[in-house]
Structures are given as structure tokens and as C-alpha cells.
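J.: got a sequence here, can you model it:
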Amino acid sequence: RRVGASGWRGVALSEDTTVAIAEERARVEAAGARVDQFGNVFAGPVGISMTRVLGDDVMARVGVIPTPVVIDTPVTEDDEFVVLVSDGVSGVMSDDEIANALGPLATGEGGGSGGGDLDAALGNLAAMAAEKWQGGLPCEVKVDDITAAVVLLAP
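T.: I've put the predicted structure just below:
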């Protein structure tokens with residue numbers, strides 16, 4: 001995701017690759033995948049919610065590919081950072097929520113001294129995503145992988 005500085009608004013730089021995209025669905029079904037009513041893609045008993053993923057040899061047999069959809073987007077002077085997140089983050093948080101979780105801490109505008117604290121910013125994002133997966137329940141429920149990397153663009 002690309003995030004601009006104005007009001008910590010998130011700008012999506014990619015599209016989630018799921019069976020909601022007709023071409024993605026056609027590819028996995030042509031390769032033998034079963035798609036359930038929730039849009040999950042299955043190879044036998046194994047299923048995932050996306051149609052492109054890195055390093056999954058099982059799902060590759062049913063048309064789930066590692067090739068990313070690349071969108072060339074110029075960086076503007078308003079862009080402060082780019083964040084890459086797994087579906088464990090983007091599945092439960094909007095682009096703006098991701099930007100707001102990272103922005104102030106990553107750039108040093110969240111208080112404290114000096115520049116930003118990327119570790120604190122990413123920790124904050126991961127904690128927020130995990131909390132959303134838990135839904136406020138006191139017991140552990142399903143939590144998807146929560147992975148994020150951020151690159152600062154502003155000096």
C-alpha cells in the first residue's frame with residue numbers, strides 16, 4: 001500500500017487477487033481447483049483465500065501462482081512510506097487504518113524524541129490486526145498470518 005502524508009490516508013497500490021476477479025477464478029478452476037461459497041480455493045482438503053501466493057507448492061497444482069500483479073505507480077512528494085502487508089493485515093484493516101496505525105510512529109510524529117520508530121510502528125500495526133482478528137473475545141480464535149514491512153520515502 002502507498003500512504004500519503006495528508007491525514008494519513010492509505011492509497012492501495014495493489015489489488016487483492018481472489019476469485020472475485022473473473023480471470024483469477026477462471027485460471028484456478030481450469031487447473032482443477034474447487035471454489036467454495038466463501039471464495040476459498042481448494043486443492044483437495046487444503047484451502048486458501050487468494051489466487052496468488054509465494055511458495056505454496058500444493059496450491060500451485062490448482063493454478064494458484066506466485067506471479068504478482070505489478071502496478072507501476074510514481075512516488076510523489078506527499079508520499080511518506082510504502083507498506084507491504086499480508087492478507088492477515090489487509091483482510092481486517094482498511095488502507096486508512098493501516099496508514100493511521102503506522103504513520104505517526106514511523107515518521108516520528110507520534111511523540112517521543114527524534115525520528116520515527118519503525119519497530120514500534122510495525123508492532124502497533126500487528127497488535128491492531130491481531131485484536132481485530134480476535135474480535136474482542138477473551139479466548140484465542142483463528143488469527144491469520146500478520147506480516148508487514150515498511151519503507152520510509154521521506155527524508
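J.: in the top strand by length along the chain, what's buried?
T.: When the chain is parsed with DSSP state E, its longest strand is strand 79-85. Judged by neighbour count using 16 or more other C-beta atoms under 10 Å, the buried positions of strand 79-85 are 79-83, 85. Every C-beta, even on glycine, is put in place using the N, C-alpha and C of the backbone.
J.: put together CSV for those residues, with distance to residue 27 and pLDDT on each row.
T.: Below are these laid out as CSV (distance: C-beta to C-beta, whole Å; pLDDT from 0 to 100):
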residue, distance to residue 27, pLDDT
79, 32, 80
80, 36, 78
81, 33, 80
82, 28, 83
83, 28, 85
85, 24, 87
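J.: which one of those residues sits closest to residue 72?
T.: residue 82 (13.2 Å; C-beta to C-beta).
J.: give me the number of residues near residue 88?
T.: 19 (other C-beta atoms under 10 Å).
J.: check it and give its pLDDT.
T.: Per-residue pLDDT puts residue 88 at 84.
J.: give me the pLDDT value at residue 152.
T.: So residue 152 comes in at 79 (pLDDT).
J.: sounds good, over and out.
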